[in-house]
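> Starting from these lines, generate the structure:
(2 chains)
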2 protein chains.
Amino acid sequence: MEELRGMPVVKHIAQEVTERMEKLAQKNVVPTLAVIRVGEREDDLSYERGLLKRFDSVGAKVVSKVLPLDVTEEELVDTLKACNNDNDIHGILLFRPLPKHLDEKKIIELVDPRKDVDCMCLTNVAHTFSQSGLGHEPCTPKAVMEMIDYYNIDLTGKKVVVVGRSMVVGKPMAMMMLKANATVTICHTKTANLKEECKKADIIVACAGVAKMLDGTYISEGTIVFDVGINVVDGKLCGDVDYESIGELASKATPVPGGVGTVTTSVLLKHTVWSAERA
Amino acid sequence: MEELRGMPVVKHIAQEVTERMEKLAQKNVVPTLAVIRVGEREDDLSYERGLLKRFDSVGAKVVSKVLPLDVTEEELVDTLKACNNDNDIHGILLFRPLPKHLDEKKIIELVDPRKDVDCMCLTNVAHTFSQSGLGHEPCTPKAVMEMIDYYNIDLTGKKVVVVGRSMVVGKPMAMMMLKANATVTICHTKTANLKEECKKADIIVACAGVAKMLDGTYISEGTIVFDVGINVVDGKLCGDVDYESIGELASKATPVPGGVGTVTTSVLLKHTVWSAERA
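Numbers count the residues shown, from 1 in each chain, chains lettered A, B, ... in the order given. Purely as a prediction, here's the structure:
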């Protein structure tokens, strides 16, 4: 089995982004992402450090706007609007979930859709559904597509089974696969015979959020497996796929860690550069 | 084979709508749809007559705003905005395609999403993708769901194959089926073995736009078939399914004409009533 690692894709994107940033530099533009964070949740801090490192490696910028846990809606909205109006900020990432006293649905719609690099607001959700190419799409399924491009996997007419139907991964993943001319089946907790569905797939995308749920008995010979799951079991990271048990059958698969998750911050970087180009 | 006809569903919706309209009448509200039509295309006129009849049968109103083919963008936008601002208008239907000198994409985004009963604008497209229940969804796939409700067809865990991936039918259909807990496969012109996919389905929705493309060889015993196609062959209406040839195998199927298409104007009526209730 060929291991599809994320790092070569990260390097490939860095190279592409560097070339595009040279053109922006001629106009004195440095792609900049504003991270709006309420509180000090460890997950958020860790993701933020990763972002900072990835952006820094190509000379792009991340500015953090940190607000206290008891921030008022008005203060948060003011911070957001200041980012919307600041020509030196090209992307906005708002960590969620927000504390309960804040109306998250209302607040995310206030982000300028052109700066909404993480596809939070309705405009970008709609562009993702129609695959118009006019909006920012969710980073995780987009990371899978970057890997597919990089590793030269042809999707036309292929049977893709997406296990999971969330708005963050499963459904947008299905739309991207469809746009690439795959025949797409979307499975979920209510699917009658998941094993049978998966065994018919040329390509499986596991995004159910259940640790090691797909093992070798779900895989046919030659299947390509993208594991989007990020779970912690006994203090160790693992995916939705039982990686050891698929090795004899799958032709290619992404590990966890080191696979799809590694690429997502590069997608966020690419989106920020695109926003800077369109500004 | 049981024929799933549209007319009983139309009557059922009329009854539900009548009850809801009685409550609105107490507040002196009559659900009203504005039809904005540029030119006198025969298709549009025929659809408009159908709408008028359906709305009239329950005492709801249709007002036609007819503009000349050489209307300026400004005049059309003014008409649209007048409808947005008119509290006696609850739904807006804009016939498309618009003449080429008008920027259709820009214009449809000016419709108030709450009055956009035909799901043209990005806000409603996003709500359709997420199945939030907060927006208007496209009428044709919604008509299929109304038939499924009326004829008591359980979708949980069922294998649904949607043949077609348009933004008007195929993709929203898939999202609605998924919300109802079906396992959904979306097929299209690039699908490698359409016949095999269809033969595995418990339910097929044909929305490819190709006359009689699915015949008996695509159907397994007991399959339920929804035919969304409206094609004209030798001057006669027919669907995407070769209705005669599936009779021995399919357990239930919608005829064309007299099936799904019959229900779509009732969905538009229901959307207009909902808009009036929310106004």
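
> Next, A:Gly229: phi, psi?
phi -60, psi 140 (degrees, to the nearest 10).

> err, A:Val62, not the other one
Torsion angles, degrees, to the nearest 10, at A:Val62: phi -120, psi 130.

> give me every residue that touches it.
A:Thr32, A:Leu33, A:Ala34, A:Val35, A:Glu48, A:Leu51, A:Leu52, A:Phe55, A:Asp56 (Cβ atoms under 8 Å, 6 or more residues apart in numbering or on different chains). Using the backbone N, CA and C atoms, a C-beta is placed for each residue, glycine as well.

> now swap in A:Ala253 and tell me
Contact analysis of A:Ala253 by Cβ under 8 Å, 6+ apart lists A:Met1, A:Glu2, A:Glu3, A:Leu4, A:Ile224, A:Val225, A:Phe226, A:Asp227, A:Val241, A:Tyr243, A:Ile246, A:Gly247.

> from those, which is closest to chain B?
Nearest to chain B out of those is A:Ile224 (Cβ to the nearest Cβ; 15.6 Å).

> burial measure for that closest one, as a count.
Residues near A:Ile224, counting by other Cβ atoms under 10 Å in any protein chain shown, number 23.

> Backbone dihedrals for it, please?
phi -100, psi 130.

> what does A:Ala206 give?
Dihedral angles (degrees, to the nearest 10) for A:Ala206: phi -90, psi 110.

> same deal with A:Asn231?
phi -120, psi 160.

> Kindly report the same for A:Val205.
The phi/psi pair for A:Val205 (degrees, to the nearest 10) is phi -110, psi 110.

> Relative to chain B, how far out is it?
A:Val205 sits 14 Å away from chain B, going by Cβ to the nearest Cβ, to the nearest Å.

> Over to A:Ile92?
A:Ile92 is 18 Å from chain B, by Cβ to the nearest Cβ.

> Which residue is the nearest non-sequential neighbour of A:Gly247?
Leaving out its chain neighbours, the residue that sits closest to A:Gly247 by Cβ to Cβ, 6 or more residues apart in numbering or on different chains is A:Met1, at 4.9 Å.

> quick revisit: buried only: go through the contacts of A:Val62 for me.
A:Thr32, A:Leu33, A:Ala34, A:Val35, A:Glu48, A:Leu51, A:Leu52, A:Phe55 (16 or more other Cβ atoms under 10 Å in any protein chain shown).

> So for the last one, what's the nearest residue that isn't a sequence neighbour?
Put plainly, it is A:Phe55. A:Val62 (4.9 Å).

> one step back: go through the contacts of A:Ala253 and give me the one with the most neighbours.
The contacts of A:Ala253, ranked by neighbours (other Cβ under 10 Å): first place A:Val241, 31 neighbours.

> Looks like that one contacts A:Cys207 (just checking).
No - the criterion here is Cβ atoms under 8 Å, and A:Val241 misses it with A:Cys207 at 10.5 Å.

> Quick check: neighbours shared by those two?
Contact criterion Cβ under 8 Å, 6+ apart; residues bridging A:Val241 and A:Cys207 by contacting each: A:Gly229.

> So A:Thr264 is in contact with A:Thr140, correct?
Yes - using Cβ under 8 Å, A:Thr264 is in contact with A:Thr140, at 5.5 Å.

> which one of these two has more residues nearby?
Set side by side, A:Thr264 and A:Thr140 show more neighbours around A:Thr264, with 26 against 20, by other Cβ under 10 Å.

> Quick one: mean pLDDT over the strand or helix carrying the more buried one.
Using DSSP states H and E, A:Thr264 maps to helix A:260-278. Across helix A:260-278, pLDDT averages out at 98.

> Could you do stretch A:167-179 as well?
Stretch A:167-179 comes out at a mean pLDDT of 98.

> ok, and does that stretch reach over to chain B?
Yes - if you take Cβ under 8 Å from any Cβ of the partner chain as the test, stretch A:167-179 does meet chain B, through A:Met167, A:Lys171, A:Ala174, A:Met175, A:Leu178.

> Turn the residues you listed into CSV, including neighbour count.
Formatted as CSV, the residues of stretch A:167-179 next to chain B follow (neighbours: other Cβ atoms under 10 Å in any protein chain shown):
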residue, neighbour count
A:Met167, 16
A:Lys171, 26
A:Ala174, 27
A:Met175, 23
A:Leu178, 22
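
> Tell me the one of those residues nearest A:Asp112?
Nearest to A:Asp112 among these is A:Met167, at 20.5 Å by Cβ to Cβ.

> wait, that closest one sits on A:Val125?
Yes - using Cβ under 8 Å, A:Met167 is in contact with A:Val125, at 7.3 Å.
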